[in-house]
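In: Whatever this is, show me its structure:
(2 chains)
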Amino acid sequence: MPVGTSATVKAVHQHELEHDIAAQIILGNTYHLYLRPGLEVLQSAGGLHKFNGWRHPILTDSGGYQVYSLGHRRKIKEEGVIFQSHIDGSKHTFTPENVMDIQRIIGADIIMAFDECTPYPCEFKYAKKSMEMTHRWLGRCVERFDSTEPVHGYPQAFFPIVQGSTFPELRKISAETIASFGREGNAIGGLSVGEPAPEMYEMCGLVTEILPKDKPRYLMGVGTPENILECIALGIDMFDCVLPTRNARHGVLYTAEGILNIKNACWKTDFSPIDPASPLETSRNHSRAYLRHLFVNGEILGMQLASLQNLGFFLWLVGEARKRIQDGSFAVWKNEMVKKVSFRLAG
RNA sequence: GGGAGUACGCCGGAGCUGGAGAGCCGGGCCAGACUGUAAAUCUGGUGCUUUUAGCUGAAUAGGUUCGAUUCCUAUUACUCCCA
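Out: Numbers count the residues shown, from 1 in each chain, chains lettered A, B, ... in the order given. The predicted model follows:
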């Protein structure tokens, strides 16, 4: 699975002139890229379909995260959520049922449950109430999903989502509930919303112990290269995150040697490659000085090259992780890599 | 050649006509943030120092005044008008 479906789909749209490269990133490594060895179940569960001429897997989110991130323009009720558009003020209702229908129509290979992602920090009482509603919504999602057919002629998978904020007691209940549905894969939500990393790891480790190990465990919204490595160590098989593309647009590049902000003055006359170790020609054949120039002058190509760099790096990183898991050297490699990838580079 | 006006910090703008602000707005520049994407976005800094404060400073040089970015004189530069 790519780093973030939304991120990678956006990458294709943003880089029309770079189609070959974007396609290589997305197609060359995808689908079970994040899956641990032996977890290829999704290949049969989801299948692949044609997308603009390439076979391109899609994962759609339900809008549960927007219940959180657009909290100021929505109302949560048992029936569902009412959103107000930031464009024209029009109101839109999202229910577990219509969200299943919409994802069916979009044609996603993996469809996510409609949930509420609780904010951080969160009162225990609210987190419990919210989790219980998410579980009830899950029942409605499954009922709708299982009573409808794919509309595009290929099968679609459904993943429920664990909630429970940062309370071990709630996480445990939620993980057990989610596992009991026996779906194609399981997701962990409600993390990477501002809590300290150790708390995220604690919840993650607790939940991965409960979710079935022979099915993909998908951690939603994570994260930095360091977070990803640590969470793979805890048993996570899949991730998605806006970070590689959003940070790329804001000038932050990830490489195997560390993190750098290409807008910094120190790269002004650095004519060495953006990332000599990148799998991408665009990162090996353009200089840091040139990329900085593009950013400084507001050229959209700068954001495109930076997005490619970060996606290329994230995909390389998880590809390496997969290899290391297979040959048994992951633990040692991970500890070395965590240090490297979180190092701040300066010219 | 004559007349009128203007001059502050990297740049542009507003404002100030005796009780100053290293102040305001925009830009540039220098940094930082961003984690299931509303946001090519947001935040901070940008004279010097030993930085909860102090110092220097308003084209340049003088002068008036208890006190001057403000008033006066000269000089310099620029803008406009007349010839």
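In: Tell me, how many residues neighbour the residue in the stretch 51-200 of chain A positioned nearest to RNA strand B?
Out: Closest residue of the stretch 51-200 of chain A to RNA strand B, Cβ to the nearest atom of the strand: residue A:117 (2.1 Å). All C-beta atoms are positioned from the backbone trio N, CA, C, and that covers glycine. The local packing of residue A:117 (other Cβ atoms under 10 Å) involves 25 other residues.
In: Quick check on it: phi, psi?
Out: Per-residue torsions, residue A:117: phi -90, psi 110 (degrees, to the nearest 10).
In: What's the separation between it and residue A:99?
Out: Using Cβ to Cβ, to the nearest Å, we find residue A:117 at a distance of 14 Å from residue A:99.
In: returning to what we had before: which one is the residue of the stretch 51-200 of chain A closest to RNA strand B nearest to, not counting chain neighbours?
Out: Spatial nearest neighbour of residue A:117, chain neighbours left out: residue A:68 (3.9 Å); criterion: Cβ to Cβ, 6 or more residues apart in numbering.
In: Residue A:120 is in contact with that neighbour, correct?
Out: No - with contact defined as Cβ atoms under 8 Å, residue A:68 does not count as touching residue A:120 (9.6 Å).
In: Can you show me the strands along the stretch 101-250 of chain A?
Out: Under the criterion DSSP state E, counting those that start in this stretch, the stretch 101-250 of chain A carries strands at the ranges A:110-112, A:157-159, A:161-162, A:186-188, A:217-220, A:238-240.
In: tell me the pLDDT at residue A:158?
Out: Looking at residue A:158, its pLDDT reads 95.
In: That one: how many residues sit nearby?
Out: Residues lying near residue A:158 (other Cβ under 10 Å) number 22.
In: Contacts only, for it.
Out: A:110, A:111, A:112, A:113, A:141, A:142, A:145, A:183, A:184 (Cβ atoms under 8 Å, 6 or more residues apart in numbering).
In: try 10 Å
Out: Applying Cβ atoms under 10 Å, 6 or more residues apart in numbering, we find residue A:158 in contact with A:45, A:100, A:103, A:108, A:110-113, A:138, A:141-142, A:144-146, A:181, A:183-185.
In: List only buried entries from the residues you listed.
Out: Buried members of the contacts of residue A:158, scored by 16 or more other Cβ atoms under 10 Å, are A:45, A:100, A:103, A:108, A:110-113, A:138, A:141-142, A:144-145, A:181, A:183-185.
In: quick one: residue A:347 from residue A:263, how far?
Out: The gap separating residue A:347 from residue A:263 is 12 Å, by Cβ to Cβ.
In: right, I mislabeled it, should have said residue A:118
Out: Look at residue A:118 and residue A:263: by Cβ to Cβ, they are 35 Å apart.
In: Look at these two and report which has more neighbours.
Out: residue A:118 (25 against 14).
In: That one against residue A:125, yeah?
Out: No - judged on Cβ atoms under 10 Å, residue A:118 makes no contact with residue A:125 at a distance of 11.4 Å.
In: hang on, the earlier thing: could you pull out the residues contacting both of residue A:117 and residue A:99?
Out: Contacts common to residue A:117 and residue A:99, judged by Cβ under 10 Å, 6+ apart, are A:61, A:64.
In: quick one: the helices in the stretch 201-347 of chain A?
Out: For the stretch 201-347 of chain A, the helices defined by DSSP state H, counting those that start in this stretch cover A:225-233, A:243-249, A:281-284, A:288-296, A:300-327, A:330-341.
In: Including distance to RNA strand B and mean neighbour count, could the ones you listed go into TSV?
Out: Converted to TSV, the helices of the stretch 201-347 of chain A look like this (distance: least, Cβ to the nearest atom of the strand, whole Å; neighbours: other Cβ atoms under 10 Å):
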stretch	distance to RNA strand B	mean neighbour count
helix A:225-233	5	22
helix A:243-249	3	22
helix A:281-284	17	18
helix A:288-296	5	20
helix A:300-327	5	21
helix A:330-341	13	15
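In: Sort out which residues of stretch A:183-200 are buried, please.
Out: A:183-193, A:195, A:197, A:200.
In: Tell me if it is near RNA strand B.
Out: Yes - Stretch A:183-200 lies within reach of RNA strand B by Cβ under 7 Å from any atom of the strand, at A:187, A:189, A:190, A:192, A:193, A:194, A:197.
In: I figured the first one hits residue A:208, correct?
Out: This means residue A:187. No - with contact defined as Cβ under 10 Å, residue A:187 does not count as touching residue A:208 (11.6 Å).
In: shared neighbours of those two, anything?
Out: Joint contacts of residue A:187 and residue A:208 (Cβ under 10 Å, 6+ apart) are A:162, A:217, A:219.
In: Run through the bridge partners of the last one.
Out: I take that to be residue A:219. Beta-bridge partners recorded for residue A:219 (DSSP bridges): residue A:188, residue A:239.
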